[in-house]
Each structure stands twice: as C-alpha cells, then as structure tokens.
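Trainee: fold the following and give me the result.
(2 chains)
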Amino acid sequence: MSAAVAAERDELLATDELSAYYGDRKAVGDVSIAFTRKAVTALIGPSGCGKTTFLRCLNRIHEVGFDARVEGRVLLDGQDIYAGAVDPMAIRRRIGMVFQRPNPFPTLSILDNTLVCAARGLNRRQRFDCAERALRAAALWDEVKDKLRSSPLRLSGGQQQRLCIARAVAAEPEVLLMDEPTASLDPIATAVIEELMARLADEFTIVAVTHNMQQAARVSDVTAFMLADEAGVGRLVEVDDTARLFTKPGDHRTEDYITGRFG
Amino acid sequence: MVQPRFRRVARFVSPADRGFAAVVYGGSILFALLIIGLFIELVLGSWPSIAAFGPSFIWKSSWDPITSNFGALPMIYGTVVTSLIAIVLAAVIGIMAAVFLADFAPRWLSAPLSFLIELLAAVPSVVYGLWGLFVLAPFVRTAIGPAVQKVLGWTPLFSGPVYGVGLLTAGIILALMIVPTVTAISRDVVAAISRDLREASMALGATKWETATRVVLPAARVGIFGSCVLGLGRALGETIAVTMVIGNRPEISASLFAPSYTLASVIANEFTEATTSIYISALIELGLILFVVSIVVNALARLMIWSVRGST
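Mentor: Okay, the predicted model is just below:
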C-alpha cells in the first residue's frame, strides 16, 4: 500500500515491527501493517505462516500462553498497547476476539454468555436490551429469543459461533479479531457468518484470519498475505486491496499461493 | 420362494476374547459378591444386638458396657461432625490449592508442590495421630481455643472447657488427611478444562481471577464435587488418627471443643476389651452402620453428580 493511500485511509490499528516468540522460537517476524477503520482485513497464508499468532498479538492474548512473548509495537488509535502502564484487560475489552472453534461458556445461559463482558452496572432492563442488541447484531436473536435461559450447548455449531460473536460485540469493542471463525462450520453456517462479517464491518474494524482464499475474496476489503521464511518465521509478504491482490499481486509468492501452486 | 426374515449368523469370537471376557466378568462379579458378602457377614455378626435393641440402637445415646446397654447415637454424631468439619476445611483449602496449581503457579513451582501435597497422602495415619496428639491438641488447648472463645465463646458451638482433644481437633486432623485427595483430583479436573474456555474469557477482558471463578470452576464443578465426596468417604472411615485425638467419650455435646467418639474409633478402641457377646455384637452393628452410611453417602454423591450433569 502506498503512503498516499495509507494517509487517506483512516487507520485504527497498526503494528510496527511486531515479532512474536514461543520461547526461543520466533514465530512472527517484524510485521508492520495498518488496519483500516470499519473495513474487513483478511490475513491469508498457508498453515504455519504465523497468521494466527500474529492475530493473537493484537489483543495481547498471545502473552497468556506459556513462555510466549512479543517485541515491537501495536498501536491502537496511536497508543502502544504494549506500553508499560497499559492494562491488558482494558485492551482486550476494546479489541474483541472470536476463536476458531465456538467456545461459549458451558455453565452460563445464552443470555449470560452474551452479557459476560458487557458494561458493568446496568440494570435488568438495560442488560436485557444490551443482550438483544448484541444478539441481533450477531444475527442470532430470532433463533434464541425464546430460549435465552437455556444452555448454549443446545445450539448448533454455527449458532454457537454467532453467540461468541454476540458475546464479543456486547462489550462494544472497536476492533473484532476473528481467528478462522468458520473453520469448524458447515457451508451454510459459513455463509451466514460471512454475511455477518460484512455487516459488522459497518460498525467494527475487523481483522480475520482465514486459509480459505475464496472467503478472503468474498468478505474482505483488504487482504494481507503472510508466508513463513526458510527459518520458519512468519513474514508479511504484501497487503493490498482485496480485488487488486487477487487479480494483480505485486509479489510472485503471492501469485504462486493464490493460483494454488503451493500451500 | 419364502425368504427367512432374519438370518442368525454365528459370529466368530476368538477363544482369547472369550477367555478375556470371562476373566473381566468374573472380576467384576467378584467385587459385587464381596460387597454383598461383607454386608451379610456384618448383619449376621450384629444380629444379637439388633435383636436386643432393635432400631432404637440408632437413636439411643447410652453406651454402657457394664450394664450392656448400647446406643450408637454419640458415635454417629461424632463421625458426622468430624467429617463435616474436615470436608469443609479440606474443600476450601483443596480447591484454592487446585486452582493455584493449575492456573496460577509457574511450572517450576507447580510440579514440586503437587508432589509434596500428594506425599501428604502417603503419610501413615498413625503419624498424623501422633502429631495431632503432641502438637495440634496442645495448640488447640492453648492458642486456638482461648482465641476463638474470646470472640465466639457465647455460642454453644464454642462453649465449655477446652481439653485440646475433641471434635474440632479430630476434624482438623481429618481435613489434613483428605486435603491431598481433594487437591489432586480437583487440580486434574481444573487442568482438564479446555484452554479454549480460558482464552475466551481472557480475550473478553476478564482477569485471571474472574476466569478462574466464573468460567473454570463452574465448568469443573462436577469433578470437584466428586473429589470432595471421595475425601468425605475417607474422613468417615478414618480410624486411628481420630481415635488418638478425639477424646474417646461417648457423649453428645454442642461444643466443638468437647471430646467425642466416632464409629470407627470405638470399634478400634474397644474390640479387644469386649468380653460379652452382646458387646461384640453391638460393636459389629456400629460397623454395619458405618458401612451403610458410607454407601449412602457415595450413592447420594453419584445421584447429585448425575443430576448436575443432566442439567447442563
């Protein structure tokens, strides 16, 4: 992306020379990228290219794992979220996350799952309204409005994943990170989630990892291609408007990947 | 031509499988027979006592070998109260320790600490008893007792003289003995809760503490409950350590500082000196009660675990 284009775009989230490690092993190396506000950015690349690890650095969940650490900066609205005084819990409320496998809390009802990280200090009415808004935003309301008190484990996989999206949305984050949100779902549920992602982009800045190139082409505005180098370190190869990246890739490795020559 | 509706196919079963099936069937039936046999033996042994005292044996509170007048209530009371004290203390400490070991402790600390806690389970109970008698009981008499009575002495629960030996001391010793069971099983259960759930909670901005109390512990509650029941089972039947610190007095008093007696300790203490056949028979009936109580506790726990599972 040229400097002129970057300046004219409104960038909410950016990384600066971001590297991620598991112990001594470098999994992601020196990635600098900016994410446009209220757009869907897809991270694509073959398995093991570090895209999930990179995504997990963006809300500081990477560091929760054993012996995991991060170097470089992640700027949210210009503020470095890895700066010393920053509370990671506060950051994670501003940058929500949806995981590869649906993971609703099994012991909480559908309603409580939705509200688990909603704003504190709401009264009953407000809480209910908040849940309804979130569930509507996640296109799940009509399917669960009569069974809000029942267990989320009775929902289908696609419904559970939308519940997880509602749960993230209810915290009113600015950014939504999605780690292969449809990887464990059937094609119909996948289509529902993809449609939802496009709609959510009206309100949120979305960064989604996928290794399904058709999905990236369908749902994203911008696509970033990552690839592991000879040392196994995930590097950003290029990032561009999705339409351009898939038709006129700037790097031959991107072209090889999207034409199916490897990966 | 008429086709037969079903065709019975003689499936081939290898002789080794047949033999194996016979062995495992035999093994499990043997266990069932052992339990039934034990029950029958206890009933037969306690028959003179059952015939003499009838059901009132359970709620009579006299225990007088001289006049051969026996009632089990003081021992039932002592058993229940010491076990309750033990399970409450052990559950609180054990669950906290389990959460710490599984979620908070760094790896270099977690493994040796787990090992030490499990080592507690290997200490012979007579050693616990000695420690209870020579260290804990004086400590209760000189430190815990006066301190508690200063604040809560007005309640019947903590009234009366503090001898050092008694219900509370026995309960604390029992708690120590079952903490390893509760901790080890709870830790395994907590550690088995999937990483996904923890990360989901953390990614939503929850603290480690919120994640542990609101997500991990509720998800692990069935297993944790099971660990407490196993601990309770051990507390109910534990004999020698309790005998050494409970005071061995067949009385019912509200105070936790009062000496008491448990079903197991009275059997251990008095079996050798039981001279009359009705005395021996009464002791065996105490064993029968302990046996039934243990089975009922375990059965109730099973039912609760099933009902909790069913509701999720």
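
Trainee: near chain A, which residues of chain B show up?
Mentor: Contact residues, chain B versus chain A (Cβ under 8 Å from any Cβ of the partner chain): B:107, B:194, B:196-207, B:214-215, B:218-219, B:221, B:312. The C-beta positions use only the backbone N, C-alpha and C, and glycine is treated the same way.

Trainee: mean confidence for the helix or strand in which B:Gly26 is found?
Mentor: B:Gly26 is located in helix B:15-45, with elements delineated by DSSP states H and E. For helix B:15-45, the mean per-residue pLDDT is 93.

Trainee: the helix or strand following that helix: how far from the chain's middle?
Mentor: Next in sequence after helix B:15-45, counting helices and strands by DSSP H and E, comes helix B:47-53. With Cα atoms, centre = their mean, to the nearest Å as the basis, helix B:47-53 stands 28 Å off its chain's centre.

Trainee: and helix B:47-53, what other elements does it pack with?
Mentor: helix B:277-311 (3 or more Cβ pairs under 8 Å, 6 or more residues apart in numbering or on different chains; DSSP states H and E).

Trainee: the same query, at a cut-off of 10 Å, please.
Mentor: Counting contacts by 3 or more Cβ pairs under 10 Å, 6 or more residues apart in numbering or on different chains; DSSP states H and E, helix B:47-53 packs against strand B:69-70, helix B:277-311.

Trainee: packed most tightly, which of those would that be?
Mentor: Counting by mean count of other Cβ atoms under 10 Å in any protein chain shown, strand B:69-70 has the highest mean neighbour count of the helices and strands packed on helix B:47-53, with a mean of 18.

Trainee: mind listing what B:Thr276 touches?
Mentor: B:Pro48, B:Pro65, B:Ser68, B:Ala282 (Cβ atoms under 10 Å, 6 or more residues apart in numbering or on different chains).

Trainee: ok, it to chain A distance?
Mentor: 57 Å (Cβ to the nearest Cβ, to the nearest Å).

Trainee: contacts for stretch A:244-252?
Mentor: A:1, A:42, A:44, A:213-214, A:216-217, A:220, A:222-225, A:227, A:237-241, A:254-259, A:261.

Trainee: where do the helices sit along chain A?
Mentor: A:3-8, A:51-57, A:88-94, A:110-115, A:124-137, A:141-144, A:157-170, A:187-200, A:213-219, A:242-247, A:252-258 (DSSP state H).

Trainee: could the ones you listed go into a markdown table alongside mean pLDDT?
Mentor: A markdown table is the format used below for the helices of chain A (pLDDT from 0 to 100):
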| stretch | mean pLDDT |
| --- | --- |
| helix A:3-8 | 48 |
| helix A:51-57 | 94 |
| helix A:88-94 | 91 |
| helix A:110-115 | 92 |
| helix A:124-137 | 91 |
| helix A:141-144 | 93 |
| helix A:157-170 | 93 |
| helix A:187-200 | 92 |
| helix A:213-219 | 92 |
| helix A:242-247 | 92 |
| helix A:252-258 | 91 |
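
Trainee: look up how far B:Val165 lies from the residue most central in space within chain A.
Mentor: Centroid-nearest residue in chain A: A:Leu177, 1.8 Å away (criterion: Cα atoms, centre = their mean). Separation of A:Leu177 from B:Val165 (Cβ to Cβ, to the nearest Å): 61 Å.

Trainee: now the strands for the stretch 1-150 of chain B?
Mentor: Taking DSSP state E, counting those that start in this stretch, the strands of the stretch 1-150 of chain B run over residues B:63-64, B:69-70.

Trainee: not counting sequence-adjacent ones, nearest residue to the residue of the stretch 1-150 of chain B found nearest chain A?
Mentor: Proximity of the stretch 1-150 of chain B to chain A (Cβ to the nearest Cβ) peaks at B:Arg107, 7.1 Å away. Closest residue in space to B:Arg107, ignoring its immediate chain neighbours: A:Phe66 at 7.1 Å, by Cβ to Cβ, 6 or more residues apart in numbering or on different chains.

Trainee: surely that neighbour and B:Trp108 touch.
Mentor: No - if you go by Cβ atoms under 10 Å, A:Phe66 and B:Trp108 don't touch, sitting 11.5 Å apart.

Trainee: buried ones among the contacts of B:Thr276?
Mentor: Buried residues within these, counting neighbours by 16 or more other Cβ atoms under 10 Å in any protein chain shown: B:Pro48, B:Pro65, B:Ala282.

Trainee: chain neighbours aside, what residue packs nearest to the second one?
Mentor: What that stands for is B:Pro65. In space, B:Pro65 is closest to B:Tyr279, 5.4 Å off (Cβ to Cβ, 6+ apart).

Trainee: so what's that neighbour up against?
Mentor: Counting by Cβ under 10 Å, 6+ apart, B:Tyr279 has contacts B:Pro48, B:Ser49, B:Pro65, B:Ser68, B:Phe70, B:Glu270, B:Phe271, B:Glu273.
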